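**Student:** I need the structure of the sequence given here:
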Amino acid sequence: MLTLLMITPENKEINRFRVKQYNNFTQLTMPYLAGFVPAEFKITLIDEYSQAVPFEKFDLVAITVNTPNAPHVYQMAHKFRKLGAWVVIGGPHVTLLPEEASVYADTIFVGEAEETWPEFLRHFLDGKQERLYRCDYPPDLIGLPIPRRDLIAGHRFTSGSVFASRGCPYNCSYCCLKNIYHQQFRTRPVNEVIEDIKNIPNKHFVFWDDNFFADAEYTKKLLCSMQSLNRKWAAQVNAHSCKDKELLSLAQNSGCIYLFLGLESFSASSLKDANKEFNQVEQYADIVKLLHSFGISVQAGIVFGFDSDTADIFSHTLKHCESIGVDGVTASILTPYPGTELYIKYKKEGRLLSVDWSHFNGKTRVSFQPNHFTPQQLLDGYHQFRGSFYSWKNIINRLSKSRVNIIYNLLINIGYRQSFNKFFSGQ
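**Tutor:** Numbering: from 1, shown residues only. The predicted model follows:
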C-alpha cells in the first residue's frame with residue numbers, strides 16, 4: 001500500500017498568534033481532498049495548528065499553500081523531496097503564482113482540484129504522473145465526496161467544517177477569490193450538503209463558505225432542510241444580507257449562533273478604498289441589533305490600513321464597536337495578496353515593502369507602505385486596538401450590551417484575550 005501524507009501547514013509565527021483561540025475550526029481542504037483518495041493509499045492527515053509534521057519517508061506528500069505559508073511550505077517540500085517523496089502542492093498561492101511554486105515541487109495544481117486531483121492519483125498509481133495539473137474552468141459542485149473527518153486528530157470539538165457554496169459575487173480590492181474561482185459563484189445540491197452535515201460528529205460546526213448568504217434563496221432552502229438536524233453553526237456573511245428577516249428567522253431556527261460580518265471599516269472613505277461601498281456604516285448598529293434579536297452573535301471582520309485610514313482609525317473603530325455591541329472582532333492588517341487589485345496598485349506605486357510572503361499574514365507584519373502613517377504605526381495601532389477590545393472591561397461591557405449566547409461569547413472572548421497575551425509574552 002502506498003503512503004500518502006496530506007498537510008495543512010501553519011508557520012510558527014502565525015501559530016503562536018492563533019494558538020489560544022477557541023474557535024479555530026479545522027481547515028477543510030485536506031480532509032475534503034482525502035475523500036477523493038482511492039483505497040490503494042494509506043493516508044496520514046496532519047494539521048500544523050495542533051500537530052507536528054512527521055519528516056519520514058512517504059511515497060506521496062500533498063500540501064496546500066496559502067500566501068503567508070508559502071516560504072514555510074517550500075522548505076518543507078525540499079525536506080520531503082530529499083527523503084524520496086513525490087511532493088505535490090496546490091492551493092491559492094500556487095494558483096496565483098504557479099511559476100514560482102513549480103520550482104519547489106514535483107507536481108503543482110493550478111485552480112480547483114475536483115477533477116485534477118483524482119486524475120493525478122490515477123496517474124500516480126500508473127507511474128505516469130505529470131508536473132502540472134491545471135483546471136481553467138469552474139468545476140461542478142455535484143456528487144462530491146464526504147470529507148475524511150475520521151482522519152482528523154487534535155480537534156475534538158472543532159472538526160466540523162462544511163461548505164455549501166464557493167466564491168463570492170463581489171469584487172473587493174484586497175480579495176483574490178475572483179482570481180481563484182473564475183468569477184463564478186456556485187452552490188452544492190442541498191441534499192448533499194445535508195448529508196455532509198450529518199457526517200459531522202460534533203453538534204457544532206462552521207460553514208466554510210466565503211459568503212454564505214450570497215444567494216439568499218438557495219440559503220433559505222438549505223436552512224429549511226436543516227431545521228431537524230439539531231445542530232449549532234456559524235458562517236461568514238455580508239452585512240447587508242442580514243436585513244432579510246425571513247433569512248435570519250430560518251437561520252435562528254436551524255441553529256445559527258454566530259455570524260461573521262465583513263464590516264471591514266467604520267469609515268465610508270475606507271470602504272470606498274475596499275470597493276465595498278455596499279456596506280453602509282450608518283446601518284451597522286441596526287444590523288447588529290437585528291441579529292441579536294434573533295439570538296445570533298456577531299463577530300465583526302475589521303481591516304486596518306486602507307489609504308483613507310488616518311491615525312485616529314483605531315480609537316474610532318473601538319468606539320463604534322463598543323457602541324453597537326458587537327460580540328467579537330477578527331481584526332486584520334490590510335494585505336495586498338498577489339493577483340489582487342490592491343497588489344497591482346501598490347506594486348505600480350512602489351509601495352510593497354517585501355517579497356517575503358511570510359510577511360503577508362495580515363496579523364503580525366505590515367507588507368506595504370501605508371498612506372498616512374508608517375508601517376510600524378499601523379502595526380502598533382492594530383495591536384493596541386486588539387488589546388483594548390479584548391480587555392476585561394470591554395468584554396464585560398460588550399456582553400452586557402449584547403446579552404446573546406453569553407457563555408459561548410465569553411469563552412470566545414477569553415480565547416482571543418489569551419491569544420493576544422500569549423503572543424506578546426513570547427511564550
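
**Student:** what domains does the record give for this protein?
**Tutor:** 2-134, 160-425 (automatic domain parsing).

**Student:** can I get those in CSV with mean neighbour count and distance to Pro145?
**Tutor:** C-beta here means a position set from N, CA and C on the backbone, and glycine is covered the same way. Listed next are those as CSV, based on neighbours: other Cβ atoms under 10 Å; distance: least, Cβ to Cβ, whole Å:
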stretch, mean neighbour count, distance to Pro145
domain 2-134, 19, 3
domain 160-425, 18, 9
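
**Student:** what's the closest of the ones you listed to Arg148?
**Tutor:** Nearest to Arg148, of all those, is domain 2-134, at 3.8 Å by Cβ to Cβ.

**Student:** let's have the domains of the chain in a markdown table, adding distance to Asp140 and mean pLDDT.
**Tutor:** Formatted as a markdown table, those follow (distance: least, Cβ to Cβ, whole Å; pLDDT from 0 to 100):
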| stretch | distance to Asp140 | mean pLDDT |
| --- | --- | --- |
| domain 2-134 | 8 | 93 |
| domain 160-425 | 8 | 92 |
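
**Student:** all strands for this protein, in order.
**Tutor:** Under the criterion DSSP state E, strands of the chain are mapped to 2-8, 41-47, 60-64, 86-90, 107-110, 132-134, 161-162, 165-166, 186-187, 204-207, 232-237, 256-264, 297-304, 328-333.

**Student:** can you add distance to Ile146 and give those strands back as CSV?
**Tutor:** What follows is those, written out as CSV (distance: least, Cβ to Cβ, whole Å):
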stretch, distance to Ile146
strand 2-8, 16
strand 41-47, 14
strand 60-64, 19
strand 86-90, 20
strand 107-110, 21
strand 132-134, 23
strand 161-162, 10
strand 165-166, 17
strand 186-187, 17
strand 204-207, 13
strand 232-237, 17
strand 256-264, 23
strand 297-304, 27
strand 328-333, 29
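
**Student:** against Ser297, how distant is Ala216?
**Tutor:** 21 Å (Cβ to Cβ, to the nearest Å).

**Student:** could you do Ser354 as well?
**Tutor:** Separation of Ser354 from Ser297 (Cβ to Cβ): 36 Å.

**Student:** same question, Pro68
**Tutor:** 28 Å.

**Student:** now swap in Leu96 and tell me
**Tutor:** For Leu96 relative to Ser297 (Cβ to Cβ), the value is 33 Å.

**Student:** the strands of the chain: which one's closest to Leu342?
**Tutor:** Per Cβ to Cβ, nearest to Leu342 of the strands of the chain: strand 297-304, 10.8 Å.

**Student:** for the closest one, packing partners?
**Tutor:** strand 256-264, helix 284-293, helix 313-324, strand 328-333, helix 375-389, helix 406-425 (3 or more Cβ pairs under 8 Å, 6 or more residues apart in numbering; DSSP states H and E).

**Student:** need these in JSON lines with distance to Ile142, can you?
**Tutor:** Formatted as JSON lines, these follow (distance: least, Cβ to Cβ, whole Å):
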{"stretch": "strand 256-264", "distance to Ile142": "26"}
{"stretch": "helix 284-293", "distance to Ile142": "32"}
{"stretch": "helix 313-324", "distance to Ile142": "40"}
{"stretch": "strand 328-333", "distance to Ile142": "32"}
{"stretch": "helix 375-389", "distance to Ile142": "42"}
{"stretch": "helix 406-425", "distance to Ile142": "34"}
